[in-house]
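Colleague: Model the structure of this input:
(one chain, ligands or ions: 1)
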Amino acid sequence: MNSSLRIRSMPVSAVRKLAPYATAAKQAGATVFHLNIGDPDVKTPEAMLAVLRNWDRNPIGYAPSPGEPAFLRALESYYHGLGFGFLTESDIVATVGGSEAIIMALFSVCEPGDEVLVFEPFYSNYASLAAMADVRFVAVPTTLQTGFHLPERTQIEQRITGRTKAILFCTPGNPTGTVFTRTEMEMLVTIAKERNLFLISDEVYREYIFTGAPKHTSILHFMESLPDRTIMLDSLSKRYSLCGARLGVFVSRNPELVQGAVKIAQSRLSGGLIDQLVGAALTEVPQSFIAEVQREYESRRDILYTGLTAIPGVTMTRPEGAFYSMVGLPVPDAEQFCIWLLEKYRSEGNATVMLAPGTGFYLTPGKGKSEVRIAYVLNTSDLKTCITMLADALEQYPERIR
Ligand SMILES: Cc1ncc(COP(=O)(O)O)c(C=O)c1O
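Modeller: Got it, this is the predicted structure:
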């Protein structure tokens, strides 16, 4: 018996694709430094861990489908603290990671076969989630030369067809590290108004911006004037180092969209109760936590940028936010190089580094072939080790373009 064509044609997650090679390297005794996935090594805040230590609920029941009230209240107060006082709990659905919020958004605004514009390169799991929702992505290219900022308005508009329902974007961006300016966000808002499209804004890296003022422009800045067609997606994974807690957020002022997301939430009964009560402690996390983590990522960004751009043939833009960068390498096929790193390359300390091959972040065949995505989620000392290994590996790589 064959599995469905749908599941067979679903893309493999670009960040996990090479996992078997990493497992084999570890089994053979090597240390693998993971720069392939955005799973930060920053410690989870104490106030959140305390919830686990002091846990006394027995039995552990379901949470309400749209979210545990204490978590929804905490989220409301977080968004109010950011200046979005118009949001209420009824605009917010707690999701199982930001990942679930993405599929809820696609499902809520698209019929099967509808089109959504995405800026290429984009977060690779978007493609898997679109496949699950039977949504067709249409790529709008952005380039390393322009820091992956938005192209001219005409470049976006010429890809709109009668089936286009939404524009999905991420700022600060994974995998680019690009932070859209207010002008860019205004352009998207104008297009959405004039062409009758939804805007789905993925803001899971909101707090990590290194461009100085003005800070992040959120879709929430436009939500009051555009309540029917804006959705904001969020996650606690990166902000509080809670990747394993599976806490995400779907926000909209369009009651039909919220009811749609709640229907999906009801179909899986409940998000994790334990996770959500850990998340509810976000109101007790001192502002200094976020400020310190911001500084930490900024210094990692600086180390990565200075270190990599000193390697001949390596190209990258200075990331403005999040903790990723698309990096061009002097190799004909970055995926083969990533496999070679895991299979063949070993530093003197019997270590190697794992990167995510670039093609998985593009729709257009052939694009990203010489690129990798690097997640600077390791501490500055490990990061320096990785940069040294990468320079050394490129020296040794037989296929290197010189
Ligand atoms: C841009 C973006 N959106 C959403 C997610 C989903 O994160 P999670 O499901 O852990 O909340 C990620 C995770 O890496 C991401 O990078």
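Colleague: So which residues on the stretch 301-402 of the chain come close to the ligand?
Modeller: Counting by CB under 6 Å from any ligand atom, no residue of the stretch 301-402 of the chain lies close to the ligand. Every residue, glycine included, has its C-beta placed from N, CA and C.
Colleague: Any stretches of this structure with poor pLDDT?
Modeller: The chain contains residues with pLDDT under 70 at 213-214.
Colleague: quick one: the helices in it?
Modeller: All helices of the chain, identified by DSSP state H, fall at 5-9, 19-27, 46-53, 69-81, 97-109, 125-133, 153-157, 182-195, 220-223, 255-267, 273-280, 287-309, 334-343, 380-396.
Colleague: What residues does the stretch 51-200 of the chain have near the ligand?
Modeller: Contacts of the stretch 51-200 of the chain with the ligand, taken as CB under 6 Å from any ligand atom, map to 97-99, 123, 170, 174.
Colleague: and the residue nearest to Pro330 when sequence neighbours are not counted, how far is that from the ligand?
Modeller: In space, and not counting its chain neighbours, Pro330 is closest to Gly313: 2.9 Å by CB to CB, 6 or more residues apart in numbering. Counting by CB to the nearest ligand atom, to the nearest Å, the gap between Gly313 and the ligand amounts to 27 Å.
Colleague: mind pulling up the phi and psi values for Gly313?
Modeller: Per-residue torsions, Gly313: phi 90, psi -10 (degrees, to the nearest 10).
Colleague: In the protein, which residue sits nearest the ligand?
Modeller: Taking CB to the nearest ligand atom, the ligand has its nearest neighbour within the chain at Gly97, 2.7 Å off.
Colleague: in stretch 353-371, what counts as buried?
Modeller: Neighbour counts over stretch 353-371 (16 or more other CB atoms under 10 Å) mark 353-363, 367-371 as buried.
Colleague: Check those residues and tell me the two furthest apart.
Modeller: Val353 and Leu363 (26.8 Å; CB to CB).
Colleague: Please identify the buried residues of stretch 72-81?
Modeller: 72, 74-76, 78-79.
Colleague: and the residue nearest to the spatial centre of the chain, what does it touch?
Modeller: The centroid of the chain falls nearest to Asn174 when counting by CA atoms, centre = their mean (4.8 Å). Residues near Asn174 by CB atoms under 8 Å, 6 or more residues apart in numbering: 38, 123, 204-205, 322, 324.
Colleague: Same list, these, but as TSV with neighbour count please.
Modeller: As requested, these are exported to TSV (neighbours: other CB atoms under 10 Å):
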residue	neighbour count
Gly38	23
Tyr123	26
Val204	26
Tyr205	25
Ala322	29
Tyr324	29
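Colleague: Which members of those define the maximum pairwise distance?
Modeller: The distance between the two most remote of these (CB to CB) is 11.6 Å, for Val204 and Tyr324.
Colleague: among the helices of the chain, which is the most enclosed?
Modeller: Counting by mean count of other CB atoms under 10 Å, helix 97-109 has the highest mean neighbour count of the helices of the chain, with a mean of 24.
Colleague: Helix 273-280 and that one, what's the angle between them?
Modeller: Inter-element angle recorded for helix 97-109 and helix 273-280: 100 degrees (by axes from the mean of the first three to the mean of the last three CA atoms, to 10 degrees).
Colleague: now the angle from helix 97-109 to helix 255-267?
Modeller: 120 degrees.
Colleague: got a list of contacts for helix 97-109?
Modeller: Against helix 97-109 from outside (CB under 8 Å, 6+ apart): 93, 95, 116, 125-126, 129-130, 132-133, 135, 165-166, 168, 198, 200, 202, 204, 231, 233-235, 237, 246-250, 257, 260-261, 264-265.
Colleague: try stretch 180-191
Modeller: Contacts of stretch 180-191 with the rest of the structure, by CB under 8 Å, 6+ apart, involve 149-150, 153, 156-157, 160, 167, 169, 171, 173, 197, 199, 214, 217, 219, 221-222, 226.
Colleague: hmm, try it at 7 Å
Modeller: For stretch 180-191, contacts defined as CB atoms under 7 Å, 6 or more residues apart in numbering pick out 149-150, 153, 156-157, 167, 169, 171, 197, 199, 214, 217, 222, 226.
Colleague: for stretch 60-79, same thing?
Modeller: Counting by CB under 7 Å, 6+ apart, 87-89, 92-94, 249, 262, 265-266, 269-271, 273-274, 276-277, 279-280, 282-283 sit against stretch 60-79.
Colleague: List the residues that contact Cys170.
Modeller: Cys170 sits next to 122-123, 202 when contact means CB under 7 Å, 6+ apart.
Colleague: So it versus Leu75, what's the distance?
Modeller: Applying CB to CB, to the nearest Å, the value for Cys170 to Leu75 is 20 Å.
Colleague: what do you get for Glu194?
Modeller: According to CB to CB, Glu194 stands 32 Å off from Leu75.
Colleague: Over to Ser270?
Modeller: On the measure of CB to CB, Ser270 and Leu75 end up 16 Å apart.
Colleague: try Val42
Modeller: In terms of CB to CB, Val42 sits 21 Å off from Leu75.
Colleague: What count of nearby residues applies to Leu269?
Modeller: Residues lying near Leu269 (other CB atoms under 10 Å) number 10.
Colleague: what are the phi and psi angles of the nearest residue in space to it that is not next to it in sequence?
Modeller: Excluding the flanking residues, the one nearest Leu269 by CB to CB, 6+ apart is Tyr62, at 5.6 Å. Dihedral angles of Tyr62 (phi, psi; degrees, to the nearest 10) stand at phi -70, psi 150.
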